[in-house]
Structures are given as structure tokens and as C-alpha cells.
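**Q** Sharing a model that was predicted from the sequence below.
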Amino acid sequence: MRLLFRIIGIVRLLARYGLLRDAGVARPLRVPAWLLLARRRLKGESRGRRLREALQDLGPIFVKFGQNISTRPDLLPQDIAEELARLQDDVPPFPAKEARELLGGFYGRPVEEVFAEFEPEALAAASIAQVHAACLPDGEEVVVKLLRPGIRARIGRDVELLYGVARLASAWWPSTYRLRLVEVVEEYERTLGYELDLTREGANAARLKRSFAGSDIIHVPAVYWDYCRPDVLVLERIHGVPIRDVQALKDAGLDIPELAARGVQIFFTQVFRDSFFHADMHPGNVFVDISDPKNPRYAAVDFGIVGILDERDHHYLGQTLLAFFEQDYARLARLHLYWGWVAPDARAEDLEAAFRVIGEPIFARPLSECSFGRVLGRIFATAQEFDMHLQPQMLLLHKTLLNIEGLGRELYPELDLWETGYPLLKKWMARRAEPGRVMKELRRDLPELRYAVQRLPRALHRLLDRAEGAPSRRRESRPGGRRRLWRQLTGCTLLLVGALLLGLQAQPAFLSWLAGAAGLILVLSARPRA
């Protein structure tokens, strides 16, 4: 019954903002007239603004949902996505007395026995958690992040409601099927689950701190694991000027263009060196340490959302950006087809033309005027028209790039993201192809490679048995098919053995290269002749 009343309340609020009318669902739903009459005066407001204000009225969980889908160019028109990106996850803090009681329960003793000092007034509050300043017994300044009481139950109810709405919309309006609404809610639920485990956030912070150990351009706070619990995270306290306070940064005498360029460097380093990046870099999570104006350092907080890239993601992102900004659209199309990023029946000429449509208007202007993030978004959108399924980590990366670009240009409007990022991208892509790095990765993967080689004989027998059991018509239509299959499999085996010997640094070394060369010759000789 409670869920029913909640649904009625949501429908009425959407009607007030004219959103049911915009979506064309008021009449199919047979929405009662009293709901439609409740519409407030809209004063010519855009649909994006009305949706943003409606989500704010629905509460913090819906605000976070709006923030989440604002990063999905495949789901939303640009005007709505831009409005939803302005949603702010600000809610009043819960009482300090309640915070102390919760902490006492988690630690099994009064707060006064855990911390030397504990500030009753929250430094910041959001829909899921709030933050208090404190001091450890040794005098170390820390911040204590504490989940809101009852937040898991509330999120469970609201997510259940979102699932219901998504399934209803998918069943009643086939036009919404392409939006994959249930999948969107699943992704949102998974993201919320990560944010509800503060131990995971602590692990993310520790990983980033390790990546930037000794860095003079960014500082990541230390985690105090002895004080952490699933609902409590204790971090080193960061002091600095919020990145959005540009005037204060200028008054401190900072080199603003250099500061903006360092932000780009941090982003590219996370993505292409570490394959692990902070994915919630909005202005409220970024500070600047101005204690040394000639060498300002960034400081990041809130590590609940991170992105992780694998080798395939790296290759796609790096090669795509290089080919696009070098205006090699034919290569860009070939890359998408060769690596299976788009439908196999897509025509290279059509894909090349689609990428050219994006690029030519952009390169007619100075690159300093172009939005790097929007370019990447348009490339993604174009690839999706050719049946590319965009992975969640790439959507996170796109959102992060937009945030970084926005921060950089707010600091220094003339920032040329490509001029700053291109040398870094070239350096990291070249480094990934260095023989020494390849050998290092090969040695790292030796246990799996050795296991694969051990399994090859059985796999070969199974494949040959299947080939011999194939219908005679198929064998007759492919003369020499069994011999070609044998050469291909033997060639692949020799290639693997050669790689394994190289990884083991076996002597004499020429045997490794000989095995690899023989394998390559066999594989090439097995290609069908025209």
C-alpha cells in the first residue's frame, strides 16, 4: 500500500511539472483530471529544467539517479543531459547526537574514547552520508564519513520503485525498449551498492594514493584502517581552496594556466598509466593546496565511484582518439571493424563517412574551442548507431572527462585540452608497445599461458574430431579444409610456445624466435586461396 501511494505521489508531481504531457503518456495512462489540473505554472521553462526540478522534489535518491543517467548520451537528448548534470546532492545533515550514537554502536565504546575531538557540526552532508571533522588520540586531523541511518532500507524501497517504473514503461511503450531502462536501473543499483560500502571507498582511496605516491601535483588522503567500518570511513583531513573558488586561487598568486594543465595531466595519467581513475571529479570533490603558490597541488576527496579499464578499453580509447584527432577517419573505421567494436556487417565506408561528419566541422575551428568530452561523446554515439554496446566504464570515463574539462576551462578558459593531452596520450600509447613492457606482461601471465599450452593437445583433438564429424557436403565444398585446420592449429601452438620460451628467457634465444616464425608461416599458409 505504501508503494502504491508513493507511485501516486510521483505521478502527481510529474503531472505538476508537465512531464506526463511532454512524454505523451497522460492519456494512455488515463491520468485523472485532478492530477493534470495540479500542474503548476511552467512559465516557459524547458523540459530539462522541469525534469531536474521534479527530481529534486522527489528526493535525494532520485537526484542521484538523475546524476547517474546524465552521463548516458545514448539515453538522453543533450539539453536534458546538461540540465540533469546540474543536480546537486545536498541535503540537511542528521543531528550530531544521532551521529555520536551511531559511532558509539560501531566502535562499542563512547566517541570520546575513540577520538580526542569530534566536531558536532557536519562539514558536508549528502544523500548517503555526511562528514565530520575529528582528531585522533595522537593529534592527527581526520574526517569521519558516516552513512545515514536507515539509508539502505530507503534506497531498497526507491530502487524497487524504479524497477517497477522501468518494467512498466518497457511493457507499455515499445519505443522505450531501446533505452534499456531495466538495465539502467540495474547499473544504478550496482553503483549505489558500491557507495554504501565505505570499506570499498577506503580501498579506492588507498589504491589512488599508492598510484600517486611522491607526486608533486596531487595529494590523496591517507586511510586510517583501524578506525574504518563498513558504515564508517576515517581519512586524513585535507586543507585547501575549493577548485570552484577561482578568485581565491588567483589572489593566492597561483599560475592558473599551469594548474589547469596539471588537472589534464592527472586525468591522462590515471587513465593511460594506471587504468584506474577517480570517476566523481565534480567541483565539490576537488581542492587545491596553495601553501606553495609556485607549486600548487590538487587534493581529491570522495572515492566512492571509480573506473577501471582493461587492455581492450585502453586500446579502443587510445587508438580512437589518436586516429580521430589526426583526422584519419578511414583508420578509425577500420579499427572499429577489425576489433569487433561495431556490427560485423557494417560498411567501412559508411562508418568512415559518419566519423568525418563529426570531425570536419570541429577541425574547421581552433582545437582550443572544441570540447574534448563532447567529441568523445559524439564518437560513442556514432559507434552506437552501428550497434556498438558501450560499457559502463567508458560511460564513467566520458563523464569524468567532461568534469575535468569543465574544471580546467573554469580555471583557464583558453585551456586547449588536446594540446595538453596529445603528448601524454602518445607517450603512454608508445610505452604500452615497448618490447620491455610486452615481455614484462608476458612473464606476469606465464602461469595462465603455461596452462593454455598444456590444454592445447586435447583442444586440438576435439577440434579435429568435430571436423571429421562434419557433414560430408561441407567437407567437399572446402577442399583441403582438414589440412588447413591442422596447419592453423599447429601454427597457433608454435606461436604460443615461442611466446612462452621468450617469457622464460630460454636459451638459446633463437629457438624462441624460430618457433614463433614457424608458427606464423603455418598460420599464413593456411589461409584459403581466392
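**A** Yes, it's here. Note that the coordinates shown come from a computational prediction; the quantities given were computed from them, not determined experimentally. Numbering: from 1, shown residues only.
**Q** neighbours of Gly406, just the number please.
**A** By other CB atoms under 10 Å, the residues close to Gly406 number 16. The C-beta positions use only the backbone N, C-alpha and C, and glycine is treated the same way.
**Q** Can you tell me how far it is from Tyr316?
**A** For Gly406, the distance to Tyr316 equals 24 Å [CB to CB, to the nearest Å].
**Q** and if you look at Glu410?
**A** For Glu410, the distance to Tyr316 - CB to CB - is 29 Å.
**Q** domains in the protein, as residue ranges please.
**A** 241-433, 436-525 (automatic domain parsing).
**Q** What strand or helix carries Tyr194?
**A** helix 181-195 (DSSP states H and E).
**Q** Flag every buried residue along the helix or strand just after that helix.
**A** Using DSSP H and E, the helix or strand that directly follows helix 181-195 along the chain is helix 198-211. Buried residues in helix 198-211, counted by 16 or more other CB atoms under 10 Å: Leu198, Arg200, Glu201, Gly202, Ala203, Asn204, Ala205, Ala206, Leu208, Lys209, Ser211.
**Q** closest to Val185 among the residues you listed?
**A** Distances from Val185 to these, taken as CB to CB, are shortest for Arg200 (20.7 Å).
**Q** Looks like the closest one contacts Tyr194 (just checking).
**A** Yes - taking CB atoms under 8 Å as the definition, Arg200 is a contact partner of Tyr194 at 5.7 Å.
**Q** anything in contact with each of those two?
**A** Common neighbours of Arg200 and Tyr194, using CB atoms under 8 Å, 6 or more residues apart in numbering, are Gly304.
**Q** I'd guessed Arg100 sits against Val114; true?
**A** No - using CB under 8 Å, Arg100 is not in contact with Val114; the gap is 10.2 Å.
**Q** Isn't Leu58 up against Arg12?
**A** No - contact between Leu58 and Arg12 fails when scored by CB under 8 Å: they sit 11.2 Å apart.
**Q** ok, Ala125 - contacts?
**A** Counted by CB under 8 Å, 6+ apart, Ala125 has contacts Asp90, Val91, Pro92, Pro93, Phe94, Val131.
**Q** what's the answer for Val288, then?
**A** Taking CB under 8 Å, 6+ apart as the test, what Val288 contacts is Gly240, Val241, Pro242, Ile243, Leu249, Leu254, Leu259, Pro296, Arg297, Tyr298, Ala299.
**Q** Specify the beta-bridge partners of the third one.
**A** Spelled out, it's Pro242. Counting by DSSP bridges, Pro242 is bridged to Phe287.
**Q** Any idea how many residues pack against it?
**A** Close neighbours of Pro242, defined as other CB under 10 Å, add up to 14.
**Q** re the thing from before, among the contacts of Ala125, which one lies nearest to Ala323?
**A** Closest approach to Ala323 among these (CB to CB): Asp90, at 41.4 Å.
**Q** ok so, going back, quick check, distance from the helix holding Tyr194 to the centre of its chain.
**A** Chain-centre distance of helix 181-195: 13 Å, with CA atoms, centre = their mean, to the nearest Å.
**Q** and that helix, what other elements does it pack with?
**A** helix 60-69, helix 151-172, helix 198-211 (3 or more CB pairs under 8 Å, 6 or more residues apart in numbering; DSSP states H and E).
**Q** got the angle between it and helix 151-172?
**A** Here helix 181-195 points in a direction 170 degrees away from that of helix 151-172 (axes from the mean of the first three to the mean of the last three CA atoms, to 10 degrees).
**Q** Need the residues that contact helix 181-195.
**A** By CB under 8 Å, 6+ apart, helix 181-195 touches 64-65, 68-69, 72, 75, 128, 155, 159, 162-163, 165-167, 169-170, 200-201, 304-305, 392.
**Q** secondary structure class for the closest residue to Arg374 other than its chain neighbours?
**A** Spatially, and ignoring its direct neighbours in sequence, Arg374 is nearest to Leu402 (7.7 Å; CB to CB, 6 or more residues apart in numbering). Secondary structure assignment for Leu402 (DSSP: H, G, I helix; E, B strand; the rest coil): helix.
**Q** do the one 4 residues further on as well
**A** Here Gly406 takes the helix state, with states given by three-state DSSP.
**Q** how much space is there between it and Ser127?
**A** Relative to Ser127, Gly406 is positioned 22 Å away (CB to CB).
**Q** contacting residues for Tyr329?
**A** Per CB under 8 Å, 6+ apart, neighbours of Tyr329: Ala323, Glu352, Ala353, Phe355, Arg356, Gly359.
**Q** I figured the last one hits Phe324, correct?
**A** Which is Gly359. Yes - judged on CB under 8 Å, Gly359 makes contact with Phe324 at a distance of 6.3 Å.
**Q** buried subset of the contacts of Val288?
**A** Gly240, Val241, Ile243, Leu249, Leu254, Leu259, Pro296, Arg297, Tyr298, Ala299.
**Q** Distance-wise, check the third one relative to Ala299.
**A** Which is Ile243. 10 Å.
**Q** shared neighbours, those two?
**A** What both Ile243 and Ala299 touch, as defined by CB under 8 Å, 6+ apart, is the set Val286, Phe287, Val288.
**Q** Return the member of those residues nearest to Ala364.
**A** Nearest to Ala364 among the shared contacts of Ile243 and Ala299, with distances taken as CB to CB, is Val286, at 33.1 Å.
**Q** which stretches of this protein have low pLDDT?
**A** 1-4, 20-44, 71-75, 88-90, 173-179, 432-489, 491-516, 519-520, 522-530 (pLDDT under 70).
**Q** What are the boundaries of the strands in it?
**A** Per DSSP state E, the chain carries strands over the ranges 117-118, 124-125, 129-135, 141-147, 218-219, 232-236, 241-242, 276-278, 286-289, 297-300, 306-308.
**Q** Quick one: closest of those strands to Tyr17.
**A** Of those, nearest to Tyr17 by CB to CB is strand 124-125, at 25.9 Å.
**Q** Spatially central residue for this structure, please.
**A** Leu396 (2.2 Å; CA atoms, centre = their mean).
**Q** need the contact list for Leu196.
**A** Counting by CB under 8 Å, 6+ apart, Leu196 has contacts Ile128, Leu147, Ile151, Arg152, Ile155.
**Q** Most widely separated two among these?
**A** Leu147 and Ile155 (10.5 Å).
**Q** Now do the helices in the stretch 1-150 of the chain.
**A** Assigned by DSSP state H, counting those that start in this stretch, the stretch 1-150 of the chain shows helices spanning 2-16, 19-23, 33-36, 47-58, 60-69, 78-84, 96-107, 111-114.
**Q** which of those is buried the deepest?
**A** helix 60-69 (a mean of 21; mean count of other CB atoms under 10 Å).
**Q** between it and helix 47-58, how big is the angle?
**A** Using the same axes, to 10 degrees, the direction of helix 60-69 lies 150 degrees away from that of helix 47-58.
**Q** which strands and helices sit next to helix 60-69?
**A** By 3+ CB pairs under 8 Å, 6+ apart, helix 60-69 packs against helix 47-58, helix 78-84, helix 151-172, helix 181-195.
**Q** I'm done for today, thanks for sticking with me.
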